[in-house]
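**Student:** Quick one, fold the following:
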Amino acid sequence: MSNITAGLVKELREKTGAGMMDCKKALSATNGDMDSAVDWLRKKGLSAAEKKSGRVAAEGLIGLKSEGLEAALVEINTETDFVARNTEFQETVANVASISLSLDGDINKVAKTNYPDSDRNINEQITHLIATIGENITLRRCSTIKVNEGVIGEYIHSAIAPGLGRIGVLVGLESSGNKDQLVEFGRQLAMHIAASNPLAVSIDNLSQEKIQRERQILMDQAEQSGKPRDIIEKMVEGRLRKYYEEVVLLDQTWVIDGETKVSKVLDNLSTDIGSNVIITKFVRFALGEGIEKETTDFASEVAQTLNS
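**Tutor:** Numbers count the residues shown, from 1 in each chain. Here you go, the predicted model:
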């Protein structure tokens, strides 16, 4: 058996990012051959990643990157919020956000793109993190926004580092007006979207299927009142307007003052800066939304560990 020196272990660790004991095991298993040891670690890393891939990942970080008239959001999930404090994980999320910006948020292209300063692509970098950190990690989604003229409002909620947090919002504002005023309004509007979680910019942007489904639900509820048909129709229209006020951005009440409609705030801004301001699009990512999280019975888990 070859003599496994501390220098060899250090060199392998620097090459692969694997733990010291894993590097020592790899070198011992391959008689000190560096290339074979790298392959051995990769195989072990892939095996570890496969075992963890079935576990629910609903924590992690939202990453935001903006440059001029375009910006990107990404979500990378982990199993626990502890990993969000890992510096290599944070760096990975930030780099993926930058890459997503350059690829218009195409997640398939992003996943296959080379990771900076390495011989891995993004998918392989995530596999590397799984093996290194010991948790299932997934690249869940990417999205971008661009404007021709104006600004992109942006906001990160519960930020643990610049551009990294638990909720991320981008909102496009097309306008030739004063940029400083647009930037300030864009930041406030992004905060409003983070808090109010609208489904669409305007009623026209809501799908007709969704509107009809909501109308039918309201109609069924109103018919139970036993009132005349014309009264029922008025009840449904009133409740539908209330629904729009909850889910349509322009119809929502501005969270900054709790009184004014967002559409009116937008009109007032347009008047102030002497240029029409149009909300083109928004993107809101909330960490883990829509993912069914596992509930853990810690007593059973401890008992299982003791009996294993």
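**Student:** which parts of stretch 207-227 are buried?
**Tutor:** Neighbour-count burial for stretch 207-227, counted by 16 or more other CB atoms under 10 Å, picks out Glu214, Leu218, Ala222. For the C-beta atoms, the positions are set from N, CA and C on the backbone; glycine is no exception.
**Student:** Kindly report the domain assignment for this structure.
**Tutor:** Using automatic domain parsing, the domain parsing of the chain gives 6-52, 59-200+279-286.
**Student:** which stretch in these has the least confidence?
**Tutor:** For the domains of the chain, the bottom mean pLDDT is recorded on domain 6-52, which sits at a mean of 72.
**Student:** how about the helices of the stretch 101-250 of the chain, start to end?
**Tutor:** 107-112, 122-133, 179-196, 208-223, 229-247 (DSSP state H, counting those that start in this stretch).
**Student:** Redo the ones you listed as a markdown table? Include distance to Glu75.
**Tutor:** A markdown table is the format used below for those (distance: least, CB to CB, whole Å):
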| stretch | distance to Glu75 |
| --- | --- |
| helix 107-112 | 10 |
| helix 122-133 | 13 |
| helix 179-196 | 14 |
| helix 208-223 | 23 |
| helix 229-247 | 22 |
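**Student:** Any idea which of these gets closest to Ser98?
**Tutor:** With CB to CB as the criterion, Ser98 lies closest to helix 107-112 of these, at 10.2 Å.
**Student:** so how far is stretch 169-187 off the chain centroid?
**Tutor:** 22 Å (CA atoms, centre = their mean, to the nearest Å).
**Student:** residues making contact with it?
**Tutor:** 64, 66, 71-73, 143, 145-157, 189-191, 193-194, 269-270, 272-285 (CB atoms under 8 Å, 6 or more residues apart in numbering).
**Student:** Give me the distance between the two termini of it.
**Tutor:** 9 Å (CA to CA, to the nearest Å).
**Student:** In it, which residues are buried?
**Tutor:** 169-175, 177, 181-183, 185-187.
**Student:** just the residues you listed now: which is nearest Ile291?
**Tutor:** Val169 (19.0 Å).
**Student:** need the contact list for the residue lying closest to that closest one once chain neighbours are set aside.
**Tutor:** Distances taken as CB to CB, 6 or more residues apart in numbering place Ala190 nearest to Val169, at 4.2 Å, with adjacent residues excluded. Ala190 sits next to Gly153, Glu154, Tyr155, Val169, Leu170, Val171, Phe282 when contact means CB under 8 Å, 6+ apart.
**Student:** pretty sure Ile279 contacts Val248?
**Tutor:** No. With contacts counted by CB atoms under 8 Å, Ile279 stays clear of Val248, the gap being 11.3 Å.
**Student:** Which residues are in contact with each of those two?
**Tutor:** Val201.
**Student:** quick one: the strands in this structure?
**Tutor:** Ranges of strands in the chain, per DSSP state E, are 59-67, 70-78, 138-146, 150-157, 164-165, 167-174, 278-286.
**Student:** closest to Asn95 out of these?
**Tutor:** Using CB to CB, the nearest of the strands of the chain to Asn95 is strand 59-67, at 8.6 Å.
**Student:** What are the buried residues along that closest one?
**Tutor:** Glu59, Gly60, Leu61, Ile62, Gly63, Leu64, Lys65, Ser66.
**Student:** between those, which is nearest Arg241?
**Tutor:** The closest of the buried residues of strand 59-67, once distances to Arg241 are taken by CB to CB, is Ile62, at 32.5 Å.
**Student:** could you measure the residue lying closest to that closest one once chain neighbours are set aside against Glu75, distance?
**Tutor:** Nearest residue to Ile62, sequence neighbours excluded (CB to CB, 6+ apart): Gly168, at 3.8 Å. Separation of Gly168 from Glu75 (CB to CB, to the nearest Å) stands at 8 Å.
**Student:** again with Ser275
**Tutor:** Counting by CB to CB, the gap from Ser275 to Glu75 is 34 Å.
**Student:** And for Asp267?
**Tutor:** For Asp267, the distance to Glu75 - CB to CB - is 34 Å.
**Student:** Who has more neighbours out of those two?
**Tutor:** Glu75 (23 against 14; other CB atoms under 10 Å).
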